[in-house]
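Enquirer: Sequence first, predicted coordinates after that:
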Amino acid sequence: MRSIPGDDLAIDRKDRARMPSMEMHTRPVDERIRDFEDVVIPLDAEQAMFEASRCVQCPDPAACVLACPAHNDIPSALWLIEHGQFLEAAQLYRQTSSLPEICGRVCPQEQLCQGSCARVKSSSPALTGPLEAFVADYERRTRGVDIPVGEPSGKKVAIVGSGPAGLACADQLVQKGHQVVVFEAKPGSGGLLTYGIPGFKLPNDVVFARIGDLQKAGVKFENSTYIGKDKTIDDLFTEGFEAVFVGVGSEIDAPMEVPGEDLPGVYKATDFLMRCNVEPELLPAELRAMPLVGSKVAVIGGGDTASDCLRSALRLGAEEVTCLYRRTEKEMPGGRHDRYLAREEGAKYQFLTQPVRFIANAQGRLAQIECIRMVLGEPDAKGRRKPVPVEGSNFIVEADCAVLALGYWPDPVVGDTTPDLKTHKYGLIVVDTETGATSRPGVYAGGDDVTGPDLVVTAMVAGRKAAKAMDEYLKNSH
């Protein structure tokens, strides 16, 4: 429900609908491909107020609110921004989102809120994501961000994983007064936000600032602690934790299972992106060397990770960077905007192409990729047309480096080491979709370790839902 009046406001929707968008601007291509800094030029106050004034203030239920997994009250927030009430807008976003400064940058708004805008059929929609990021940044810059801390409950909660689900769960639980400790397997906090999303899309300082908010509120982070190996869920209960949230994501790279996949020069997407984008002190010793890309790079896959790898390879100096994808662009799961930016920066795409073998040179490093042409057959179980090899169509692609961005599997270690925790599909955790409760009393889960690879915002929402249920569980426990 909208938090400020909408329909009775004296606005002329037709006038608003005719207003052109400011459009988001990016740094020049020849400048931005030399570094891993943010490519987007942020809105200033005047631009934000103008862009927000383009919202036609649809009556409830607004399509943009329904399309947002967090159900942010976007029309009210844009009304506040239009009138220069930036801090009030930031607070409104924080009522429903634990990560507005992050979701405003990385959500595929063209598929969610922005893509559902009433203006989309006749003109450019309102720039919902950049406006969300603008007010969150403005709040941090002008008065800082303070998470309200509840009266101490005496209850101790463990969160396994410091990605978007874990951070959101911690945000909500510390507000209820619970003592929260976040366990993270990697040396640095942030999970996917730090280790999986390049700085040109999401600068690390934005992530670390939000982690700093949680630390200031009393949340403790124990990094380099791999739950399931260094200690188990049972160990956490033995140590006095009364509830546990598991938000470890789905970060095991899917294998390709073709000859030559283990050749030097063939990288898994996670390793490749971590080496490119993360400061060495936050990496394990074996991942601190930059990837050797050479002059020709092939990225295999069609999701957002593939776009991130293409753009990272260009920034490492590769002269020819090509995406190999076995379907057509229509079937690609990744965001269109990321592909647009990748093409603008120099990436090429080769569709209906399936690698079948990686071939080494005399020195034992990758030199070529044998591929086969594909055609699209009948739809599969998910409705996507199945790629079918064309017999005898094999051909060679020259490549000094290949990156496998084929999707992700869950890490089964938590399921394997936690008695009575029900899992399925390669280790995904079975939960109640409304509460995040697992088959093990006191253990909750949410995010990609439940759904498989999905969006930052859906993981964040899952963490918040679980926190609400965990708070009720803790109140009723003795």
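Expert: Alright, I've got the coordinates. Numbering: from 1, shown residues only.
Enquirer: elements contacting the longest helix anywhere in the chain?
Expert: Counting by DSSP state H, the longest helix found in the chain is helix 456-475. For helix 456-475, the packing partners by 3 or more Cβ pairs under 8 Å, 6 or more residues apart in numbering; DSSP states H and E come out as helix 100-106, helix 164-175, strand 243-246, strand 443-445, helix 448-451. (C-beta placed from N, C-alpha, C; glycine too.)
Enquirer: closest one to Arg339 among these?
Expert: Counting by Cβ to Cβ, Arg339 lies closest to helix 100-106 out of the helices and strands packed on helix 456-475; the figure is 15.3 Å.
Enquirer: Stretch 206-222: which residues count as buried?
Expert: Residues 206-207, 209-211, 213-215, 217, 219, 221 are the ones in stretch 206-222 that count as buried (16 or more other Cβ atoms under 10 Å).
Enquirer: From these, which land in helices?
Expert: 206-207, 209-211, 213-215.
Enquirer: rewinding a little: mind putting the helices and strands packed on helix 456-475 in a markdown table, mean neighbour count and mean pLDDT included?
Expert: Converted to a markdown table, the helices and strands packed on helix 456-475 look like this (neighbours: other Cβ atoms under 10 Å; pLDDT from 0 to 100):
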| stretch | mean neighbour count | mean pLDDT |
| --- | --- | --- |
| helix 100-106 | 25 | 97 |
| helix 164-175 | 28 | 98 |
| strand 243-246 | 28 | 98 |
| strand 443-445 | 28 | 98 |
| helix 448-451 | 26 | 97 |
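Enquirer: for those, which one sits closest to Val258?
Expert: Across the helices and strands packed on helix 456-475, closest to Val258 is helix 448-451 (Cβ to Cβ), at 25.5 Å.
Enquirer: How far off centre is the closest one?
Expert: In terms of Cα atoms, centre = their mean, to the nearest Å, the centre of helix 448-451 is set 13 Å apart from its chain centre.
Enquirer: quick revisit: going by distance to Gln91, which of the ones in helices among the buried residues of stretch 206-222 wins?
Expert: Nearest to Gln91 among these, with distances taken as Cβ to Cβ, is Asp213, at 13.9 Å.
Enquirer: if I look at the closest one, how far off is Leu173?
Expert: Asp213 sits 14 Å away from Leu173, taking Cβ to Cβ, to the nearest Å as the criterion.
Enquirer: ok, now Asp35?
Expert: Applying Cβ to Cβ to Asp35 and Leu173 gives a distance of 37 Å.
Enquirer: cool, Ala209 as well?
Expert: Distance from Ala209 to Leu173, by Cβ to Cβ: 20 Å.
Enquirer: Just the CA atoms of stretch 226-242, as PDB, please.
Expert: Taking C-alpha atoms only, stretch 226-242 is exported to PDB below (Å, rounded to 0.1, in the frame of the first residue of the first chain):
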ATOM      1  CA  TYR A 226      34.000 -22.800   6.100                       C
ATOM      2  CA  ILE A 227      30.900 -24.200   7.800                       C
ATOM      3  CA  GLY A 228      30.700 -27.800   6.900                       C
ATOM      4  CA  LYS A 229      34.500 -28.200   6.900                       C
ATOM      5  CA  ASP A 230      36.000 -26.000   9.700                       C
ATOM      6  CA  LYS A 231      33.000 -26.600  11.800                       C
ATOM      7  CA  THR A 232      29.500 -27.900  11.300                       C
ATOM      8  CA  ILE A 233      25.900 -26.600  11.900                       C
ATOM      9  CA  ASP A 234      25.800 -29.000  14.900                       C
ATOM     10  CA  ASP A 235      29.000 -27.300  16.300                       C
ATOM     11  CA  LEU A 236      27.200 -23.900  16.000                       C
ATOM     12  CA  PHE A 237      24.400 -25.100  18.200                       C
ATOM     13  CA  THR A 238      26.900 -26.600  20.600                       C
ATOM     14  CA  GLU A 239      28.600 -23.200  20.800                       C
ATOM     15  CA  GLY A 240      25.300 -21.600  22.000                       C
ATOM     16  CA  PHE A 241      23.700 -20.400  18.800                       C
ATOM     17  CA  GLU A 242      20.000 -20.900  19.100                       C
END
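Enquirer: What are the buried residues along it?
Expert: Neighbour counts over stretch 226-242 (16+ other Cβ under 10 Å) mark 226-228, 231-233, 236-237, 241-242 as buried.
Enquirer: Equivalent analysis for stretch 281-288, please.
Expert: In stretch 281-288, counting by 16+ other Cβ under 10 Å, buried: 282-283, 287.
Enquirer: picking that back up, spatially, which two of the buried residues of stretch 226-242 are the most separated?
Expert: Of all pairs in the buried residues of stretch 226-242, the most separated under Cβ to Cβ is Tyr226 and Glu242 at 22.0 Å.
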